[in-house]
Every structure is written in structure tokens, then in C-alpha cells.
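In: below are the sequence and a predicted model for it; my questions follow.
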Amino acid sequence: MSKDTLILAIESSCDETSASVIKNGEEILSNTVLSQIESHKRFGGVVPEVASRHHVEGITTTIEEALNTADTSMEEIDAVAVTEGPGLIGALLIGINAAKALAFAYDKPLVPVHHIAGHIYANNLEEPFEFPLMALIVSGGHTELVYMKDHLSFEVIGETRDDAVGEAYDKVARTIGLSYPGGPQVDKLAAEGEDTYDFPRVWLEQDSFDFSFSGLKSAVINKLHNLKQKNEAIIPENVATSFQNSVVEVLVGKAIKACETYNVHQLIVAGGVASNKGLRQELKKACAEHDIKLSIPSPKLCTDNAAMIGAAGHYMYEAGMRSDMHLNGHSSLDIEDFSVEKE
Ligand code: KG4
Ligand code: ZN
């Protein structure tokens, strides 16, 4: 019997300090997540310097807890995987330095992981990939469509030209008086309202798989401004429903068209906004109509966590991807550079 492969994964790209142990790329032995959301709430968003400080405070105990929960130790670990980027540079560096220290001290390989590859691979922990597939990434920092013809083969076929969808959610939430992070609250409100404001659908050029959300965000802000000036009532739940309908229609429309164009039968949705109930519901309907298998991870694997980094890190480790002790964090990083060409 061959020995199990254990990856210790570390994620600290934004406001979650997380460590996880993943067995054979598919089993989560532990996934410790220390969220900073409560601390950032009072500022209305993530403050990079505050995030870095919390990562420093929490990283050691988070890693210890992940190893303990998995009932293992550094000696048993085969490799240390860590998020290289994209993300907040100061935050990334905390995880990277912890990973480097452990890899050096215990003489283990160090595997750099792209954060978005992690979000995509979260799916593989619950439902194995069926290639070729399309991944729709919807998070606070990213909105993109990635085509994968095989493991570790990433082709970005479309991305946002301005705001990420989660960012638009958070900004709209703020304009209707909701606290950070507003996305989940807008989602909740949207279920109670009606689409009365008729916001635009931004499709861009006919064959483009790119997205744009800044126009929609401005349309919402202008509309609210206008209503206020005319002393007319603003109905927050209707704003939420109207905004969410516009976002969901475009995301679903483009994702389905991408699946058809690239002839794929599995659509994976990843990132924090993948928890959105309206998006899940409409994707379910559209995928059933188009005979596409829809895979969305459970909410705890949709938001930032180290299990997803370990899931991707396992395949990267097996493919021989390594970094030396010069590994640095990168606030922007191209996922296509993490592709491994197969013969
Ligand atoms: O993937 P994630 O945890 O962090 C990034 O890598 O960005 O995504 C966080 C984003 C936030 O903008 C948050 O408001 C949004 O995901 N979000 C949601 C929902 N849950 C989280 N947006 C809309 N509906 C939700 N249910
Ligand atoms: Zn993320």
C-alpha cells in the first residue's frame, strides 16, 4: 500500500488566517479558519495593515490547531503549500514566511499556490472534476471565467474590466446602509423584494466573456441619489432584488454561453459570491436546461480557507511545482502561469 500524501496548506491573502491538512488531495483532515471580519466591520472594509497584524497574531496557533485536529505533526507532512497571491501583500507575506520557516526547519518541499486556483480546487474536495470544465470565479477581488481542459491547465477566457462582483455587492450594500461585508445581507434582502428599479444588464461586446460591474454600481448609486433628492421613498429590498437580478442574469448568461462555446459539461462556481442564493438558484435552472453539471462547494469552502489551497497544492506538489526560500508574495498574479503543460 502506498503511503498517504499529506499537505499542510496555509492561506492569509485577505482577512482570514487559515491552515489545513489535506490527505491525498481529496480528504480534509482539518481546516482551521480564523476570521477577522468582526475587526474590519467598524472600518466598513478590510484595512490591509490591520489584516497583517491579525495574521501575525493568529498564524502560529492556527497552524498548530490544524496539525492537532488532523492528529498529525510536521514530521508526517509531505509538503507545505501556501498562497503566493493574488491578495494583500502584507497579509500574504505572513503566511508565506510561516510556510518558509516550517519548510526550512523540517526540510519539506515548499509549494506556491495561486489563490484562484485554490478557489477552483475547493470543488474537487466535494465533487471530482470532469474535464474539460468551465470555472466561474466570483469573489470580492475577482470575477472571471477559466477554462480547464485538464488538471493544472488554466485559460482565462473572460474577466472583469473594473470592479469584482463581490466588491460591487459590498458597495451597493453600503449605499443602502448595510454593514461590511454587505454581500450576504444584500442576498438576504433580495429574497424579500421585487425588481422594480430596472437596472441595466451589462453584456459588453457580443462575443466577449468579460464582465463590467462599475456601471451597474453607479446606476444604483445615482438612482438612490435621485430618489433622495425628490424625497421619494427608497425600498432597500427592492434595490437589492433589482441589483441582484441584473448581476445574476449576466453571470448566468455568460457562464452558460462559455460552456456551450467550449463544449464543456461541468460548470464549477467558486469564490465568496458562490454562496449567493439567487445566483445558485438561477444557475441550477439554466444548467438543468442546458444539460450541464453544476458544482458549487458548500459555503464554508466558498469563502477563503486553506483546505482549497491544500487541494490545489496537492496536484501542484505531484506535478513537481516547487519554490525555494526566495518565495515572495504578489498582489497580482496570473493564474495561467500556474498551468503545467502535459505531453
Ligand atoms: O472569496 P471571498 O471570501 O474573498 C475574496 O477572495 O475576495 O469573497 C468575499 C466576497 C465579499 O465581497 C462578500 O460580500 C461576498 O464575497 N459574498 C457574497 C455572499 N457571500 C459572500 N456576495 C453576495 N451574496 C452572498 N451570499
Ligand atoms: Zn478568495
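Out: The structure has been received and is ready for your questions. Numbers count the residues shown, from 1 in each chain. Ligands and ions are numbered 1, 2, ... in the order given.
In: could you point out which residue ranges in the protein have low pLDDT?
Out: Applying pLDDT under 70 to the chain picks out residues 1-2, 342-343.
In: anything in the lengthiest helix in it near ligand 1?
Out: In the chain, with assignment by DSSP state H, the single longest helix is helix 236-261. No - on the criterion CB under 6 Å from any ligand atom, helix 236-261 is out of touch with ligand 1, staying 8.0 Å away. C-betas here are computed from N, CA, C, even on glycine.
In: mind listing what's buried along that helix?
Out: 236-248, 250-252, 254-256, 258-259 (16 or more other CB atoms under 10 Å).
In: and for stretch 144-151?
Out: Residues of stretch 144-151 classed as buried by neighbour count (16+ other CB under 10 Å): 144-148, 151.
In: spatially nearest residue to the residue nearest the centre of the chain (excluding sequence neighbours)?
Out: A centroid search over the chain (CA atoms, centre = their mean) returns residue 271, at 2.7 Å, as the residue closest to the centre. Nearest residue to residue 271 in three dimensions, chain neighbours excluded: residue 139, at 3.2 Å (CB to CB, 6 or more residues apart in numbering).
In: so that neighbour touches residue 273, yeah?
Out: Yes - between residue 139 and residue 273 a contact is recorded at 6.2 Å, counting by CB atoms under 8 Å.
In: quick one: which of those two has more around it?
Out: Using other CB atoms under 10 Å as the criterion, residue 139 and residue 273 rank with residue 273 on top: 28 against 24.
In: give the contact list for the more buried one.
Out: Under the criterion of CB atoms under 8 Å, 6 or more residues apart in numbering, the contact list for residue 273 reads 138-140, 165-166, 169, 183, 279.
In: switch the cut-off to 6 Å
Out: Residues in contact with residue 273 (CB atoms under 6 Å, 6 or more residues apart in numbering) are 138, 165-166.
In: please apply the same query to residue 36.
Out: 15, 54.
In: ok, now with 8 Å
Out: Residues near residue 36 by CB under 8 Å, 6+ apart: 15-17, 46, 50-51, 54.
In: which of those residues tops the neighbour count?
Out: Busiest of the contacts of residue 36 [other CB under 10 Å] is residue 17, holding 30 neighbours.
In: for that one, helix, strand, or coil?
Out: strand (DSSP: H, G, I helix; E, B strand; the rest coil).
In: how about it: which residues does it bridge to?
Out: residue 34 (DSSP bridges).
In: tell me where the stretch 51-200 of the chain has strands.
Out: Along the stretch 51-200 of the chain, counting by DSSP state E, counting those that start in this stretch, strands occupy 79-85, 110-114, 133-138, 143-148, 155-159.
In: right, and residue 315 touches residue 151 too?
Out: Yes - with contacts counted by CB under 8 Å, residue 315 reaches residue 151, the gap being 5.3 Å.
In: go through the contacts of residue 36 and name the one nearest ligand 2.
Out: Nearest to ligand 2 out of the contacts of residue 36 is residue 16 (CB to the ion; 8.4 Å).
In: what are the phi and psi values for residue 287?
Out: Main-chain torsions, residue 287, degrees, to the nearest 10: phi -70, psi -40.
In: also residue 4?
Out: Torsion angles at residue 4 (phi, psi; degrees, to the nearest 10) stand at phi -70, psi 150.
In: tell me the contacts of it?
Out: 23-24.
In: for burial, what's the neighbour tally of residue 61?
Out: For residue 61, using other CB under 10 Å, the count is 13.
In: how far away is it from residue 98?
Out: Per CB to CB, to the nearest Å, residue 61 is found 11 Å from residue 98.
In: with adjacent residues omitted, what lies nearest to residue 112?
Out: Among residues not flanking residue 112 along the chain, residue 84 sits closest, at 3.9 Å (CB to CB, 6+ apart).
In: distance between the longest helix of the chain and the chain's centre?
Out: How far helix 236-261 lies from its chain's middle: 18 Å, per CA atoms, centre = their mean, to the nearest Å.
In: mark which of the contacts of residue 273 are buried, thanks.
Out: Looks like the contacts of residue 273 have 138, 165-166 buried, using 16+ other CB under 10 Å.
In: and which of the residues you listed is nearest ligand 2?
Out: residue 166 (8.8 Å).
In: residues from the stretch 101-250 of the chain in reach of ligand 1?
Out: With CB under 6 Å from any ligand atom as the criterion, the stretch 101-250 of the chain comes near ligand 1 at residues 139-141, 166, 169-170, 181-184, 187.
In: what would these look like in JSON lines with distance to residue 25?
Out: As requested, those are exported to JSON lines (distance: CB to CB, whole Å):
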{"residue": "139", "distance to residue 25": "22"}
{"residue": "140", "distance to residue 25": "26"}
{"residue": "141", "distance to residue 25": "25"}
{"residue": "166", "distance to residue 25": "27"}
{"residue": "169", "distance to residue 25": "32"}
{"residue": "170", "distance to residue 25": "33"}
{"residue": "181", "distance to residue 25": "30"}
{"residue": "182", "distance to residue 25": "35"}
{"residue": "183", "distance to residue 25": "30"}
{"residue": "184", "distance to residue 25": "30"}
{"residue": "187", "distance to residue 25": "31"}
